[in-house]
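Visitor: Would you be able to build a 3D model of this:
(chains A and B)
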Protein chains: 2
Amino acid sequence: MTVRMFMGDARVDAIAPDDRGLAYGESLFETMRIHRGDIPWWDAHMARLTHGTQRLAMPLPDATRMYAEAMALLDGADGVLKLQLTRGGGVRGYAANSDAAPFWMLSMHPLPNRIDSLDTIWCEITLASQPRLAGLKHGNRLEQILAANEVRAANADEGLMCDGAGRVIAATSANFFALIDGHWQTPVLDACGVAGVMREWVLAQVDAHVTSLKPSDVECADAVFLCNAVRGILPVQRLGARAWPRTHPEIRALQAALAQSHPGFEPLLEAS
Amino acid sequence: MTVRMFMGDARVDAIAPDDRGLAYGESLFETMRIHRGDIPWWDAHMARLTHGTQRLAMPLPDATRMYAEAMALLDGADGVLKLQLTRGGGVRGYAANSDAAPFWMLSMHPLPNRIDSLDTIWCEITLASQPRLAGLKHGNRLEQILAANEVRAANADEGLMCDGAGRVIAATSANFFALIDGHWQTPVLDACGVAGVMREWVLAQVDAHVTSLKPSDVECADAVFLCNAVRGILPVQRLGARAWPRTHPEIRALQAALAQSHPGFEPLLEAS
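Guide: Numbers count the residues shown, from 1 in each chain, chains lettered A, B, ... in the order given. Predicted coordinates for the structure are as follows:
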């Protein structure tokens, strides 16, 4: 894994043992698609990261410096760039208790295997409601880990998670949209879930309702897709007992629009 | 900060950039009172850590080795020993996806300043309900950080946190007991909160009710104390608008019993 680490403006060689990201998950991260040595969605990721630092009262490193270091790490190929940002070091105790420079780390990762549609399950673990953290891509991810372990045990591609009130919120690492009565619908994320960069792109393309959805709403939908900034838009072909054998034309149209604006997200051709 | 780091059985010099504790807070920790170069409550901390690894399906390093390394770090003085345990390294993605050796780190910290009673507030942030994580001392602590920031802003010593249903659960870094109608009561921790080692000790001493408590129950109590494994038993002298000017005799009796079994927890003499 190619990696560069920094404390504030200074490049460093090691993660500090007193790092508060390591101690408490006091951190934010962004996972960015790299296309031919470029980071086409950099601005959208920086906007979310900036919003996260404001919500968590964390310092934000200089964005120009972060961009320059990120570009220096790319080698012209496709892949995934991860940016992790923590509060930095601090003495023991939960209150942010120092003016330490923030720690940030850039790392390169391979693209996931391409896949043309998703076999998904309903996860048993629910997402806890915490409005103060809702929408953020923060470093407290034990719920997603436990859910992803369920997905792996079921030999599925992804899993949908509900909150404690039985509303469907998101997949373990993607947002979702469901086509219901001719309208795209996606969950409101004011109590839990991550507000994805690709979800924002989709919301700008289609006149979607941001609403509450029950599992039966999703199972009865005419089409369902998941989306995230690494994999783009992926149709769900199975969700528990429900199957959608063919990709809906509206999903194909969205995939085509995404590929047109961002060639890295060209969908696979499906055998017909 | 004196620190020793390990991956499985091997001592290491650095934290791996792909550590899943740093990435996602996939970690557990214990904060142990050191008294004259000894760890009197080691077994209780190991019991909770072991329980946590089982709940999170994380590997547990050899306990005998951890104890030997911990003892080697002590210098005969008083202090606080922190043990952090993470799943270790792994490729990007939430599912635990490797058989990497667990990372663990021991670090020594000074005792907090002694204090004889606590000035506390009600925190505005609530604790999210997540039964799968309830009771564990895991590394997803953003809620406690935000709460502790409220406490610091109010210039208080600690803060009590409720869950989303308005039940009082815990302080940011301590459990609590309230004396109501002659009986000690403490919250049930099946949906959120950390089941503290000192809470267990208190439960073994007094015939306490483990129940649900509203803020008004706590404010109307005859006495309230907080407890944790570093500071022992500390009376609350103020909670928002409610004051308890004198330490209740039953709290003094519990402090005396604690000091008798563990001399490190001798309470301060209060000016009378």
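Visitor: how about low-confidence regions in chain A?
Guide: Low-confidence segments of chain A, defined by pLDDT under 70, span residues A:267-272.
Visitor: Please enumerate the helices of it.
Guide: Ranges of helices within chain A are A:20-24, A:42-55, A:63-73, A:142-153, A:197-205, A:215-219, A:249-261, based on DSSP state H.
Visitor: out of these, which comes closest to residue B:219?
Guide: With CB to CB as the measure, helix A:20-24 is the member of these nearest residue B:219 (29.5 Å). Quick note: C-beta positions are derived from backbone N, CA and C, even for glycine.
Visitor: How about the closest one and chain B, any contact?
Guide: Yes: using CB under 8 Å from any CB of the partner chain, helix A:20-24 comes into contact with chain B via A:21, A:22, A:23, A:24.
Visitor: most neighbours, which of these?
Guide: If you count neighbours using other CB atoms under 10 Å in any protein chain shown, the busiest of these is residue A:21, which has 31 neighbours.
Visitor: Give the closest residue to it in space, chain neighbours not counted.
Guide: Nearest residue to residue A:21, sequence neighbours excluded (CB to CB, 6 or more residues apart in numbering or on different chains): residue A:86, at 2.9 Å.
Visitor: Distance check, that neighbour against residue A:28.
Guide: Using CB to CB, to the nearest Å, residue A:86 is found at 8 Å from residue A:28.
Visitor: Out of the helices of chain A, indicate the one that is most buried.
Guide: helix A:20-24 (a mean of 29; mean count of other CB atoms under 10 Å in any protein chain shown).
Visitor: That helix: how far from the chain's middle?
Guide: 20 Å (CA atoms, centre = their mean, to the nearest Å).
Visitor: residues in contact with it?
Guide: The contact list for helix A:20-24, computed with CB atoms under 8 Å, 6 or more residues apart in numbering or on different chains, reads A:15, A:26-27, A:84-90, A:92, A:94, A:96, A:103, A:139, B:15, B:19, B:21-22, B:25, B:27, B:29, B:84, B:86, B:139-142, B:144-145.
Visitor: Check stretch A:121-130 too.
Guide: Applying CB under 8 Å, 6+ apart, the contact partners of stretch A:121-130 are A:143, A:146-147, A:150-151, A:154, A:156, A:158-165, A:169-170, A:172, A:191-193, A:215, A:239-240, B:126, B:128-130, B:132, B:143, B:164, B:192.
Visitor: Buried only: go through these for me.
Guide: Taking 16 or more other CB atoms under 10 Å in any protein chain shown as the criterion, what is buried in those is A:143, A:146-147, A:150-151, A:156, A:158-164, A:169-170, A:172, A:191-193, A:215, A:239, B:126, B:128-130, B:132, B:143, B:164, B:192.
Visitor: can you give me the strands for chain A?
Guide: In chain A, the strands defined using DSSP state E lie at A:3-7, A:10-12, A:27-34, A:79-86, A:103-109, A:118-122, A:158-162, A:168-171, A:175-180, A:183-187, A:209-211, A:223-228, A:232-239, A:242-243.
Visitor: Out of those strands, which one sits most buried?
Guide: Most buried of the strands of chain A, by mean neighbour count (mean count of other CB under 10 Å): strand A:168-171, with a mean of 26.
Visitor: near chain B at all, it?
Guide: No: judged by CB under 8 Å from any CB, strand A:168-171 stays clear of chain B, getting no closer than 10.4 Å.
Visitor: Need the residues that contact that strand.
Guide: In contact with strand A:168-171 (CB under 8 Å, 6+ apart) are residues A:120, A:127, A:158-163, A:176, A:187, A:189, A:192-194, A:213-215, A:217-218, A:226.
Visitor: and for residue A:86 and residue A:28, which residues touch both?
Guide: residue A:139.
Visitor: surely residue A:188 meets residue A:213?
Guide: No: between residue A:188 and residue A:213 there is no contact under CB atoms under 8 Å: 9.1 Å.
Visitor: which one of those two has more residues nearby?
Guide: Neighbours were counted for residue A:188 and for residue A:213 using other CB under 10 Å; residue A:213 has more, 22 against 14.
Visitor: Isn't the more buried one up against residue A:187?
Guide: Yes: with contact defined as CB under 8 Å, residue A:213 reaches residue A:187; the gap is 5.6 Å.
Visitor: Identify the contacts common to the two.
Guide: Common neighbours of residue A:213 and residue A:187, counting by CB under 8 Å, 6+ apart, are A:167, A:168.
Visitor: ok, the closest residue to residue A:151 other than its chain neighbours - contacts?
Guide: Leaving aside its sequence neighbours, residue A:151 sits nearest to residue A:159 (CB to CB, 6+ apart; 4.2 Å). Neighbouring residues of residue A:159 by CB under 8 Å, 6+ apart: A:120, A:121, A:122, A:123, A:147, A:148, A:150, A:151, A:171, A:172.
Visitor: got it, and residue A:78?
Guide: For residue A:78, the contacting residues are A:34, A:35, A:36, A:111, A:264, by CB under 8 Å, 6+ apart.
Visitor: Roughly how far does the residue nearest to residue A:79 when sequence neighbours are not counted sit from chain B?
Guide: Leaving aside its chain neighbours, residue A:79 sits nearest to residue A:34 (4.6 Å; criterion: CB to CB, 6+ apart). For residue A:34, the distance to chain B equals 13 Å [CB to the nearest CB, to the nearest Å].
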